[in-house]
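1. make a model of this:
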Amino acid sequence: MGIKIGTDIVSIDRVKNSIDKFGDRFLNRFLTEYEIKSVKKVESIAGYWAAKEAISKALGCGIGKELDFKDIEIKKDSYGAPHFYITNKRFTILDSSISISHDKGFAIAVVVITI
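-> Next comes the predicted model:
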């Protein structure tokens with residue numbers, strides 16, 4: 001058993017520009033259908049991008065051959081706290097915690113997982 005940490009920060013303007021330029025094609029690239037329906041503000045979309053990058057970093061593989069953006073699904077509990085699921089069976093996560101925040105033009109995510 002080991003504890004791993006991942007973090008990522010992204011410019012909200014960068015995400016907004018990608019949405020403006022590519023629209024649904026951009027969103028469909030990294031968000032699941034559930035996420036597209038549940039996330040409306042660009043700040044939250046940027047937060048999900050940062051979260052998925054942070055998760056991939058904690059897993060030690062990054063986004064690529066071993067793990068796709070859509071292998072990760074982020075949901076919120078009844079209090080609005082985020083949690084995530086990995087649909088890729090290659091990874092076994094015993095426990096996890098995720099924090100997503102945005103302020104002054106940036107979104108950041110920190111993930112701690114136990115594997």
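
2. in the chain, which helix has the most residues?
-> What stands out as the longest helix in the chain, according to DSSP state H, is helix 42-58.

3. how about residues contacting that one?
-> 4-12, 14-16, 19, 27, 30-31, 35, 39, 62-63, 67, 69, 72, 74, 82, 84, 86, 98, 100-102, 106-113 (Cβ atoms under 8 Å, 6 or more residues apart in numbering). Quick note: C-beta positions are derived from backbone N, CA and C, even for glycine.

4. in strands, which of these appear?
-> 4-11, 72, 74, 82, 84, 86, 98, 100-102, 106-113 (DSSP state E).

5. count the neighbours of I86 for me.
-> Neighbour count for I86, taken as other Cβ atoms under 10 Å: 18.

6. enumerate every residue touching it.
-> Neighbours of I86 in contact, by Cβ under 8 Å, 6+ apart: I55, L67, D71, I72, I93.

7. at 7 Å what do you get?
-> When contacts are counted by Cβ atoms under 7 Å, 6 or more residues apart in numbering, I86 touches D71, I72, I93.

8. which one of those residues has the most neighbours?
-> I72 (26 neighbours).

9. so how far is V112 from it?
-> To V112, I72 is 15 Å away according to Cβ to Cβ, to the nearest Å.

10. picking that back up, among the contacts of helix 42-58, name the buried ones.
-> Among the contacts of helix 42-58, the ones that count as buried by 16 or more other Cβ atoms under 10 Å are 4, 6, 8, 10, 12, 15, 19, 27, 30-31, 35, 39, 63, 67, 69, 72, 74, 82, 84, 86, 98, 100, 102, 106-113.
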